[in-house]
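**Student:** Sequence first, predicted coordinates after that:
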Amino acid sequence: MTVYSEKRQSLWLESWHRLRKNKAAVLGLVILVFLLFVAIFADVIAPFDFRTQNLNAVFVKPNATHWFGTDNFGRDIFSRVVYGSRISLQIGFIAVGIALLIGGFIGAVSGYFGGIFDILFMRLVDVMLAVPTILLAISIVAVLGPGITNLMIAVGVSSVPSYARIVRANVMSIKQMQYIEAARAMGSTNFRIILKHVIPNTLAPVIVQSTIGVAGAILSAAGLGFIGLGIQPPNPEWGSMLNAGRHFIRDHPHLTTYPGLAIMITILSLNLLGDGLRDVLDPKLKE
Amino acid sequence: MIKYIFRRILLVIPVMIGVSFLVFTMIHFTPGDPVITILGETASQESIDQLREELGLNDPFLVQYFTYVRNIVVDQDLGRSYVTNRPVASEIISRYPNTLKLALLGVLVSISIGIPLGIISAVKQYTWIDNVAMFFALIGVSMPIFWQGILLIILFSVTLRILPSSGFNTWQQMILPALTLGTGSAAIVARMTRSSMLEVYRQDYIRTARSKGLGEFTVVVRHALRNTLIPVVTIIGLQFGFLLGGAIVTETIFSIPGVGRLMVDAIRQRDMLIVQGGVLVIAFTFSLINLFVDIMYAFLDPKIRAQYK
Amino acid sequence: MKKKSVILLSLGIIFGLLVAGCAPSTPQPGRDSLVVAMGGNPVTLDPHGSNDQASSRVHRQIYETLIYQTESLDLVPALATSWTQIDELTFEFKLKAGVTFHNGEPLTASDVKFTLERALASAFIGHIVGPIDKESITVVDDLTIRFATTRPFAPLLTHLAHPAMAILNEKAVTEGGEDYGVNPVGTGPFKFVSWDFDEKVTLERFDDYHDAKALLREIVFRIIPDNTVRTIELETGGADIIFDIQPADVSRVDAEPTLTLVRDANLSVTYIGFNVEKAPFNDVRVRQAINLAIDMEAVVNTVYAGVGSPAKGPLGPNVFGANMDLDGWDRDVDAAKALLADAGFADGFTTTLWTNDNLQRVQIAEIVQNQLADVGITVEIVEVEWTKYLADTAAGLHDMFILGWTTVTADADYGLYALFHSSAKGTPGNRTFYGNARVDELLDLGRTTTDQAARLAAYKEAQEIIRNEAPWVFTWTGENISGTHSSVTGFLQHPAGHHRLDKVSFND
């Protein structure tokens, strides 16, 4: 077995080397790391509290004190965007985490065991896939009520089917591989096989899908904010900042420009990285 | 082939039943009472009780569901909206063409931006052209739809005054919504085209074509494109569902009477039968599109076609 | 090279089409069709089938009531030419002769009887017909109708002027059946033509109208939900009149020379309510302290961009019975802290403030959260989905909440009874669960006596008590804000929001 894990390790290493050659992907990665850095050190970076209102200084244009200006409550937009990175990235990653856990489980079990599990789960997935994701998310928020946690659950659960599908397809193809047969012959339990062989080998497509999925989740959250099912104020989630600022977009565009750009840059970096990873990890594209 | 299509259509039925049960259950367990939304903050308890009885909301959950299914199957009746008291069917039919048109136009936009960008990007893989092309494709997907929509309105309707900002009857009115909706999936189409093209590029027959001294343009268009399109068609099919969802936001911004807006309003008002009917219609459309995609697949790929002869 | 030129050519064609397709947005002279844009979507044009503003705005043009409440809130004859009170409970109405419905049927007393009976049975507007006794409705002759209330009910006439009390034609309603709501028939200056759901409703002048005919041939109500886009439509010629301009756009429309901003005080008030049955809000000192801690001037300026004004009492200024002499709660953080300390909350406390997703209410909540932090109260804002919001505030699950009320009849009874009478706790409207024996007494008096001076005195005293016991933080009284193209004349706003359009025309 060690042969495989060594081989796998070198595979990852090789992929990393090739990823480094892809300038766009590296750029994406750099931006993403930067954003994570901002999110983690938001308290240090933000010059003001994101809640503090100053009703005597509303709609201030960007200047030396307020780099991105102030909003309709006189709150510092730069600080809000900085803190917002925490919430928005959290929503993106946790939502995808939820989707991945549930979808991965469903996909792995139905792909590996087949039979009744497969039929039941896949019919459920078909049903969920027949309903547009955002509609599903809206309904889930309607059931659970608004709030960050519920928003993450809604966005996550509504994208379960696509992960379930990907994992299932991969598991099914891996299951046919000889080394699985070999492991089984050597008396490994199903659980062990899934954990040791199946999951690591489905990681590549899942990583690609998740990177882009995080971007999708952030956008979905923004969309839900537009419909009025977003985050509780005064939390500076980028989508809800954008949504609250859109009423002033003609006179005070800076209220929307900065959170909007923050979303764009995040989505862009995730996509660049995702595309790069796909080029690198997809065996069909290897030269 | 016909047998295959027929079998696929039959498969849609259990999915529809599943969808209707899922939605019915979800709405049933959604907190909030349609009656309270309908009657508003001035309603008395008596009128709430009265209306609840009139709408049959006091029946047990399963009774409500089976009554609903029975009415569809036996009387082909989707019921009436709790809010407007109009037949669900007519509420949906009056809006459905707009949503479909919007989604189709969105697909058109995403194809006409995505495929060329994807091809250019693949042909010039790892050059600055590749990077720039993918970057442009990604700009579209990176912007939240409602922000993009408002910015387009401000640019084209207010500043330039060349396109109207609302409505959906003339083709001028359709341009901005189609752009708003379509640019989001252009990136996905471009990405798929690119990677599919790259894959095709490495096939032997392309090398053969090249070695025959054919120009690069001919190689791409005559030989690579057709095979590239197979996975792209799937993605476009999937995007269609995504676009039906994106239509919700687009319809609100551009004041388009569509199913998406109807659905959001209905979910918020707990107008259960409208939500039911709407989801069923959307899910049905979506299933049909997937079917269509599979047929296109068979058409584009001789190997698959052969299986169903 | 060739490819390039093809691209350039097609770009050129697209641009050319765009420019050619752009119709000039200046209105042509001699126009007789008015485009009105509003955000809300009418639910039904059956006045008994819903009670929402968007529907009334349309069916106001199609139907008429027995009595009309004018834009200055006077009651004047409409379908009824005169009325007399026969005894304490009974009224008799003489109908106007020669009135025809849009389907050609003449208006008779039996239509009025039919309408009242149907309204009484409606879950949506039954409360507006109020205490009319169904058994007492009598057709005296073709043009005379008589009915009584079950108990003395002073504001009856204003209730009869409510747009929901539109007189329907029995034959049309029966023929229309379940689909009457999309085939409305009234006696009003405009008749219904067509309705594209979520898009537009088209009305046409009724040429056999019994009074001065409408000046324009056609009215099209367009539904444009996005506030920003609605204003843009007015600017770019897509609408001649728009309703409900959002505060952020008011100065823009005002500054535009080709547009006219129309603004008038309306009948609505926004308030922050306390659940007075729940600690710590069962202590009047806490409620007063919060009143002292909030500066409403700032709320109005920030949230409403100067539109409307800080509320001085529970009723809007033009409602009959409004007490405009109540003492204000000027912001005084120290006094507030002292009261809180007195009540045993020297270190403040933590509580929740509920709001629905209404943008302005959310913003009020944010400001209140900030201002209450100054007196040590930590407020968590909870945005609750509308249905749940109404249900849970009626059930008393809340601490503090933000809500509004529109006194459509412009009479204090409608604006106070449901909100402050102890018999109205919960669903009917008293979501603060406030109760005070003297207030109950005064509100009952105001409802039953027909002596207007006595009513006025009762309402003023009730508002005095309410102000001092502070179940509410009086927040904001609103304005109706519309915008018109400057070529539009004769547009008058009704304080209740459903503006009549038969006197509107274009000056060329």
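**Tutor:** On my side now, so go ahead.

**Student:** could you give me the average pLDDT of the helix or strand B:Ile17 falls within?
**Tutor:** Assessed by DSSP states H and E, B:Ile17 sits inside helix B:2-28. The average pLDDT within helix B:2-28 is 81.

**Student:** burial of the residue of chain A found nearest chain C, as a residue count?
**Tutor:** Closest residue of chain A to chain C, CB to the nearest CB: A:Gly228 (3.9 Å). C-beta here means a position set from N, CA and C on the backbone, and glycine is covered the same way. Here the number of neighbours of A:Gly228 (other CB atoms under 10 Å in any protein chain shown) works out to 19.

**Student:** Does chain A have contacts with whichever helix or strand comes after the helix holding B:Ile17?
**Tutor:** Proceeding N to C from helix B:2-28, the next assigned helix or strand is helix B:34-39, under DSSP H and E. No. Helix B:34-39 is not in contact with chain A by CB under 8 Å from any CB of the partner chain; minimum separation 11.6 Å.

**Student:** cool, stretch B:131-139 as well?
**Tutor:** Yes. Contact of stretch B:131-139 with chain A (CB under 8 Å from any CB) involves B:Asn131, B:Met134, B:Phe135, B:Leu138, B:Ile139.

**Student:** secondary structure class for the fourth one?
**Tutor:** So that's B:Leu138. Here B:Leu138 is recorded as helix under DSSP: H, G, I helix; E, B strand; the rest coil.

**Student:** Tell me which residues touch it, please.
**Tutor:** Applying CB atoms under 8 Å, 6 or more residues apart in numbering or on different chains to B:Leu138 gives the contacts A:Ile267, A:Leu268, A:Asn271, A:Leu272, B:Ala187.

**Student:** Check the gap between it and C:His494 for me.
**Tutor:** 51 Å (CB to CB, to the nearest Å).

**Student:** rewinding a little: most surrounded residue in the residues of stretch B:131-139 next to chain A?
**Tutor:** Going by other CB under 10 Å, B:Leu138 tops the residues of stretch B:131-139 next to chain A with 26 neighbours.

**Student:** Okay, that residue and B:Asn131: tell me how far apart.
**Tutor:** Per CB to CB, B:Leu138 is found 10 Å from B:Asn131.

**Student:** now A:Ser162
**Tutor:** For A:Ser162 relative to B:Asn131 (CB to CB), the value is 27 Å.

**Student:** and stretch A:139-146, does that touch chain B?
**Tutor:** Yes. Against chain B, stretch A:139-146 shows contacts by CB under 8 Å from any CB at A:Ser139, A:Ile140, A:Ala142, A:Val143, A:Gly145.

**Student:** burial count for residue 166?
**Tutor:** The chain I'm using is chain A. By other CB under 10 Å, neighbour count at A:Ile166 equals 20.

**Student:** looking at chain B here, not the other one
**Tutor:** 27.

**Student:** so it makes contact with C:Val229?
**Tutor:** Yes. The criterion here is CB atoms under 8 Å, and B:Ser166 meets it with C:Val229 at 5.6 Å.

**Student:** Now the closest residue to chain C within the stretch 51-200 of chain B: which helix or strand?
**Tutor:** Of all residues in the stretch 51-200 of chain B, B:Leu51 sits closest to chain C, at 4.0 Å by CB to the nearest CB. Following DSSP H and E, one finds B:Leu51 within helix B:45-54.

**Student:** residues near whatever residue of the stretch 151-300 of chain B ends up closest to chain C, how many?
**Tutor:** Nearest to chain C, among the residues of the stretch 151-300 of chain B, is B:Pro257, at 3.4 Å (CB to the nearest CB). Neighbourhood size, B:Pro257 [other CB under 10 Å]: 21.

**Student:** Would you quantify the distance from it to A:Gly228?
**Tutor:** On the measure of CB to CB, B:Pro257 and A:Gly228 end up 19 Å apart.

**Student:** now swap in C:Ser194 and tell me
**Tutor:** In terms of CB to CB, C:Ser194 sits 30 Å off from A:Gly228.

**Student:** Which residues of the stretch 151-287 of chain A lie near chain C?
**Tutor:** For the stretch 151-287 of chain A, the residues in contact with chain C (CB under 8 Å from any CB) are A:Gly228, A:Leu229, A:Gln232, A:Pro233, A:Pro234, A:Ala244, A:Arg246, A:His247, A:Phe248, A:Ile249, A:Arg250, A:Asp251.

**Student:** average model confidence for stretch C:213-220?
**Tutor:** Stretch C:213-220 shows a mean pLDDT of 96.

**Student:** CA-only coordinates of it in PDB, if you can.
**Tutor:** Output of stretch C:213-220 as PDB, limited to C-alpha atoms (Å, rounded to 0.1, in the frame of the first residue of the first chain):
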ATOM      1  CA  LYS C 213     -65.900  62.700 -17.600                       C
ATOM      2  CA  ALA C 214     -62.200  61.800 -17.200                       C
ATOM      3  CA  LEU C 215     -59.900  64.100 -19.200                       C
ATOM      4  CA  LEU C 216     -57.700  61.400 -20.600                       C
ATOM      5  CA  ARG C 217     -58.700  58.500 -22.800                       C
ATOM      6  CA  GLU C 218     -56.500  55.900 -21.200                       C
ATOM      7  CA  ILE C 219     -54.500  55.100 -18.100                       C
ATOM      8  CA  VAL C 220     -51.800  52.400 -18.000                       C
END
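
**Student:** Report the buried residues of it.
**Tutor:** Using 16 or more other CB atoms under 10 Å in any protein chain shown as the test for burial, stretch C:213-220 gives C:Ala214, C:Leu215, C:Leu216, C:Glu218, C:Ile219, C:Val220.

**Student:** Give me the local confidence score for B:Met31.
**Tutor:** Not quite, residue B:31 is Pro, not Met. 72.

**Student:** thought it was touching C:Lys388?
**Tutor:** Yes. Contact criterion CB under 8 Å: B:Pro31 and C:Lys388 qualify, at 5.0 Å.

**Student:** shared neighbours of those two, anything?
**Tutor:** Going by CB under 8 Å, 6+ apart, residues that sit against B:Pro31 and also against C:Lys388 are A:Gly145.

**Student:** Neighbour count for these two, which is higher?
**Tutor:** C:Lys388 (21 against 15).

**Student:** could you pull out the helices for the stretch 51-200 of chain C?
**Tutor:** For the stretch 51-200 of chain C, the helices defined by DSSP state H, counting those that start in this stretch cover C:53-62, C:109-120, C:126-129, C:156-160, C:170-176.

**Student:** which of those has the lowest average pLDDT?
**Tutor:** helix C:126-129 (a mean of 84).

**Student:** CA atoms of that one as PDB?
**Tutor:** Provided in PDB are the C-alpha atoms of helix C:126-129 (Å, rounded to 0.1, in the frame of the first residue of the first chain):
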ATOM      1  CA  GLY C 126     -65.100  42.600   6.900                       C
ATOM      2  CA  HIS C 127     -63.500  44.800   9.600                       C
ATOM      3  CA  ILE C 128     -64.000  47.900   7.500                       C
ATOM      4  CA  VAL C 129     -67.700  47.400   7.200                       C
END
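
**Student:** So what's the gap between it and the chain middle?
**Tutor:** Chain-centre distance of helix C:126-129: 16 Å, with CA atoms, centre = their mean, to the nearest Å.

**Student:** and of the buried residues of stretch C:213-220, the nearest to chain B?
**Tutor:** Among the buried residues of stretch C:213-220, and counting by CB to the nearest CB, the member closest to chain B is C:Val220, at 11.4 Å.
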